[in-house]
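**Q** need a structure here:
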Amino acid sequence: MAKKKNVAVDEGMNTDGNRAINKFRISDAVMMIILVILCATCVLPFLHLLAKSVSGNEFVIAKKIAFWPKGINFEAYASIFRDGGMVYSMIYSVIVTVIFTALGMAVCTCAAYPLSKKRLKGRTFFTFLLMFPMYFSAGLIPSYLLYKDLHMLDTMWVLILPLIYSPYNMLIMKTNLQASIPDSLEESAFLDGATNFQILWKIVLPLSKPIIATLSLFYAVGRWNSYADNKYYIKSETLKMIQYKLSQLVSSAAEAQTATLSEAAAVTSTPEVLQAAAIMFVTIPIICIYPFLQKYFVKGVMVGAVKG
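**A** As a prediction, the model looks like this:
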């Protein structure tokens, strides 16, 4: 009787285990399908633009391009590179983005590090004070008048200084420092005679590479994709970033040649092909940067998700 009971119990456990495995496999399959769909919504439009940018005009006009190029032609890219304005705007945009990201991370770190320490008196008040700008905006006209009084209009700095402080990024950095840097480690450094700056530079920052890479990517992508401030605060064509020129191209497809390419550039591609090539031209820098930061980016996002 005891053996029969044991066999029955084992069979019941095996049945439950098989059901659990089947449920697990079904849930895995559903998640995989969802992930494939989400990836497709990101990858397929990119492949379509890439195929269109190197396809012949007659195939693009006939709407025969899906995800594979036909009548391969690089004339659109040649037209862009022949135009000195586009190349100059690309280089200028990279410089602005690098300066903006470096200053933004410096400000973010200097604000988040003290607020992550319990020994700071009035920490709650200062946190609220620094988070307050996230809920309210001064508006376009007051901002314009302020930048005018500060003599920042039509300068590179109007694209950098107003946005280098991000309350959202500061909060992420503060939360990460609280979760990942043990207080005992800093106390030991204090006992060894280290100053606050030495602790920040030699201990905190090296241990915070994942979150630094994550926020740097946020800063860089945010600045790279912005063009409204170019429209409102910049008049000189030499100070306009590449995204503004791209927005002109996308919004005026029928006049793509005059919207982004100089009159000296010989244009033999259709506006639609030029659009696709210009978008690819602008997107490539971000795509090239991400693989180098992917490892740290994933770690930084996971820390924020688990500890935040």
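**Q** now the end-to-end length of stretch 221-238.
**A** Terminal residues of stretch 221-238 are spaced 21 Å apart (Cα to Cα, to the nearest Å).
**Q** Show me which positions of that stretch end up buried.
**A** Of the residues in stretch 221-238, 222-224, 226-227, 229-230, 233-234 count as buried by neighbour count, 16 or more other Cβ atoms under 10 Å. Every residue, glycine included, has its C-beta placed from N, CA and C.
**Q** so can I have TSV of the residues you listed showing pLDDT, secondary structure and distance to residue 153?
**A** Putting those into TSV (pLDDT from 0 to 100; DSSP: H, G, I helix; E, B strand; the rest coil; distance: Cβ to Cβ, whole Å) gives the following:
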residue	pLDDT	secondary structure	distance to residue 153
222	89	helix	21
223	91	helix	18
224	89	helix	22
226	85	coil	17
227	82	coil	17
229	88	helix	11
230	89	helix	12
233	92	helix	6
234	91	coil	8
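**Q** Turn these into TSV, columns for distance to residue 48.
**A** Formatted as TSV, these follow (distance: Cβ to Cβ, whole Å):
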residue	distance to residue 48
222	25
223	26
224	22
226	25
227	23
229	30
230	27
233	34
234	32
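**Q** Please identify which of these is nearest to residue 145.
**A** residue 233 (11.5 Å; Cβ to Cβ).
**Q** is it true that that closest one touches residue 151?
**A** No: here residue 233 does not reach residue 151: they are 12.0 Å apart, not a contact under Cβ atoms under 8 Å.
**Q** Any regions of the stretch 151-300 of the chain where pLDDT drops low?
**A** Along the stretch 151-300 of the chain, segments meeting pLDDT under 70 span 249-269, 293-300.
**Q** switch the cut-off to 90
**A** 163, 168, 172, 175-214, 217-218, 221-222, 224-231, 235-238, 240-300 (pLDDT under 90).
**Q** any idea how far residue 52 is from residue 275?
**A** According to Cβ to Cβ, to the nearest Å, residue 275 and residue 52 sit 8 Å apart.
**Q** follow-up on the earlier one: from the buried residues of stretch 221-238, which is closest to residue 133?
**A** Nearest member of the buried residues of stretch 221-238 to residue 133, counting by Cβ to Cβ, is residue 222, at 15.4 Å.
**Q** ok, the nearest residue to that closest one once chain neighbours are set aside - contacts?
**A** Leaving aside its chain neighbours, residue 222 sits nearest to residue 163 (7.6 Å; criterion: Cβ to Cβ, 6 or more residues apart in numbering). Neighbouring residues of residue 163 by Cβ atoms under 8 Å, 6 or more residues apart in numbering: 100, 104, 222-223, 226, 229.
**Q** if I look at residue 163, how far off is residue 208?
**A** For residue 163, the distance to residue 208 - Cβ to Cβ - is 22 Å.
**Q** Helices along the stretch 1-150 of the chain, start to end?
**A** Assigned by DSSP state H, counting those that start in this stretch, the helices in the stretch 1-150 of the chain fall at 2-53, 57-61, 75-82, 84-115, 123-131, 140-149.
**Q** Relative to residue 170, tell me which of those wins on proximity.
**A** With Cβ to Cβ as the measure, helix 84-115 is the member of the helices of the stretch 1-150 of the chain nearest residue 170 (5.0 Å).
**Q** quick one: buried residues of that closest one?
**A** Counting neighbours by 16+ other Cβ under 10 Å, helix 84-115 gives 85-86, 89-90, 92-93, 96-97, 99-101, 103-105, 107-109, 111-115 as buried.
**Q** any idea of the mean pLDDT for it?
**A** Looking at helix 84-115 alone, the average pLDDT works out to 91.
**Q** Output the contacting helices and strands for it.
**A** Helices and strands touching helix 84-115, as assessed by 3 or more Cβ pairs under 8 Å, 6 or more residues apart in numbering; DSSP states H and E, comprise helix 75-82, helix 123-131, helix 167-180, helix 209-224, helix 242-251, helix 271-307.
**Q** Looking at the ones you listed, which is nearest to residue 42?
**A** helix 271-307 (11.7 Å).
**Q** Kindly reformat the helices and strands packed on helix 84-115 as a markdown table and extend each row with distance to residue 137.
**A** Shown next, in a markdown table, are the helices and strands packed on helix 84-115 (distance: least, Cβ to Cβ, whole Å):
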| stretch | distance to residue 137 |
| --- | --- |
| helix 75-82 | 35 |
| helix 123-131 | 14 |
| helix 167-180 | 12 |
| helix 209-224 | 15 |
| helix 242-251 | 21 |
| helix 271-307 | 25 |
